[in-house]
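**Q** Pasting the sequence and the predicted model now:
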Amino acid sequence: MSLYELKRVALDIIALIAVFLIAFFMPDALMPELAKIGLLSIFMSKLIFVSAGVLHAHISRKLLFPYIDFSKDEDWTNNVLIICWYAVIISAWARGG
């Protein structure tokens, strides 16, 4: 990862870490221990499901549509097809069905 890419996402990474630190250190009266464990569980499962969806979409796109290249193809319908392909597969994995 280059320094430019790191600078580009640094604020987002800090915000994500801050959300989890706030939730972790929040008093039990405001957020019970079971809720903290649930938050971590949801985070880990969504991380796995969305990552699997991205990989599945990428592999299947390369196998089914190897001729479509975003940098060279000027037909916008092909681009929409690929975008929809990714959106459907990733959302299906993320929703669990």
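**A** Thanks, I have it.
**Q** Outline the domain layout of this protein.
**A** With domains defined by automatic domain parsing, the chain comprises 1-31, 43-97.
**Q** Could you pull up the mean pLDDT of the first one?
**A** With pLDDT averaged residue by residue, domain 1-31 scores 89.
**Q** Would you mark the buried spots in that domain?
**A** residue 31 (16 or more other CB atoms under 10 Å). Every residue, glycine included, has its C-beta placed from N, CA and C.
**Q** and that domain, how far out from the chain's middle?
**A** Offset of domain 1-31 from its chain centre (CA atoms, centre = their mean, to the nearest Å): 15 Å.
**Q** So the spatially most central residue of the chain versus residue 61, what's the distance?
**A** What sits nearest the mean C-alpha location of the chain, by CA atoms, centre = their mean, is residue 50, with 5.1 Å. Distance, residue 50 to residue 61, using CB to CB, to the nearest Å: 16 Å.
**Q** thinking again about what came up before, ok, for the residue nearest to the centre of the chain, nearest residue in space, not its chain neighbours?
**A** Closest residue to residue 50 apart from its sequence neighbours, by CB to CB, 6 or more residues apart in numbering: residue 94 at 5.1 Å.
**Q** All set, thanks.
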